[in-house]
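>>> Structure here, sequence nowhere to be found:
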């Protein structure tokens with residue numbers, strides 16, 4: 001993808017942080033589904049789906065599963081996703097979703113982004129959630145994942161002169177609510193720690209966290225499969241695979257493509 005390649009090219013030297021940003025954005029772009037066969041292939045190959053289905057099948061009486069398909073949001077990147085922690089219906093914390101990367105454009109606008117997302121939650125999200133079965137089931141304690149469009153950063157910059165305690169206003173074209181999740185010990189915490197930050201996140205005051213400088217040796221913290229992708233091709237195995245080495249699901253994808261043609 002030429003647009004993606006150009007985006008990576010302007011990031012500068014191939015340091016650890018730049019490589020990680022490029023890797024995660026490439027992975028995000030691969031999540032874009034363009035036909036039904038690719039959708040089925042992705043579901044079949046997903047380790048996360050496999051784990052969730054395994055749990056669901058052990059508790060069929062509680063299984064209420066659905067597949068949600070959305071229009072792809074052009075322009076969104078991996079550094080512009082955030083997780084907000086909600087307790088008693090009020091935001092108590094906000095973190096960049098991907099804790100591994102340092103994004104200068106996020107680090108320089110952390111406070112403005114936090115104010116804008118809190119305002120969006122209170123005006124657009126919370127009124128629709130109150131009195132819903134989900135809100136009542138979790139007792140007002142959950143997480144919200146938001147995606148921010150790059151164009152929103154320009155809007156925030158234009159509103160720098162707003163009055164104190166007045167949040168920048170972003171419209172629905174700038175923010176997407178990705179999903180809601182339960183908030184408990186296994187929840188991904190980003191730059192927070194469930195145990196160490198529990199008193200603050202349970203009682204406030206609200207705090208936002210973004211990475212202000214690159215994480216040293218960040219790639220070392222990745223799983224082996226991800227680290228392999230960062231190595232030069234000369235140091236990895238040949239990308240070509242013999243027929244015997246191919247996965248069954250790769251053959252299934254070809255069958256699905258032929259069937260849907």
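Received, thanks. Note that the structure is a prediction, hence the values are computed from the model and not measured.
>>> tell me the contacts of residue 182?
Taking C-beta atoms under 8 Å, 6 or more residues apart in numbering, we find residue 182 in contact with 138, 141, 142, 143. The C-beta positions use only the backbone N, C-alpha and C, and glycine is treated the same way.
>>> what's the answer for residue 134, then?
Here residue 134 is in contact with 142, 180 (criterion: C-beta under 8 Å, 6+ apart).
>>> so where does it fall, helix or strand?
Using DSSP states H and E, residue 134 falls within helix 133-138.
>>> quick one, helices of this structure?
Ranges of helices within the chain are 2-9, 16-30, 36-45, 47-58, 104-107, 110-120, 126-129, 133-138, 151-158, 198-203, 224-230, 248-260, based on DSSP state H.
>>> From the centroid of this structure, which residue is nearest?
Centroid-nearest residue in the chain: residue 81, 5.0 Å away (criterion: C-alpha atoms, centre = their mean).
>>> returning to what we had before: show me which pair in the contacts of residue 182 is furthest apart.
By the measure C-beta to C-beta, 138 and 143 form the most distant pair in the contacts of residue 182, at 9.8 Å.
>>> Mind checking which of these two has more residues around it?
residue 143 (21 against 17; other C-beta atoms under 10 Å).
>>> Is the more buried one in contact with residue 180, as I believe?
Yes: Residue 143 lies in contact with residue 180 (C-beta atoms under 8 Å); the separation is 7.0 Å.
>>> Which of the helices and strands in this protein ranks last by mean pLDDT?
Least confident helix or strand, the chain: helix 2-9 with a mean of 55, by mean pLDDT, DSSP states H and E.
>>> quick one: pLDDT of residue 164?
pLDDT, residue 164: 50.
>>> still on that earlier bit, identify the contacts common to residue 138 and residue 143.
Common neighbours of residue 138 and residue 143 (C-beta under 8 Å, 6+ apart) are 182, 183.
>>> for the stretch 1-150 of the chain, which spans come out with low pLDDT?
1-14 (pLDDT under 70).
>>> please redo it, this time with the cut-off set to 90
For the stretch 1-150 of the chain, residues meeting the criterion pLDDT under 90 lie at 1-20, 22-23, 26-31, 34, 36, 43-49, 51-57, 59-70, 73-76, 131.
>>> quick revisit: what backbone torsions are found at the closest residue to the residue nearest to the centre of the chain other than its chain neighbours?
With sequence-adjacent residues excluded and distances taken as C-beta to C-beta, 6 or more residues apart in numbering, residue 81 is closest to residue 97, at 4.0 Å. Residue 97 has phi and psi values of phi -70, psi -40 when expressed as degrees, to the nearest 10.
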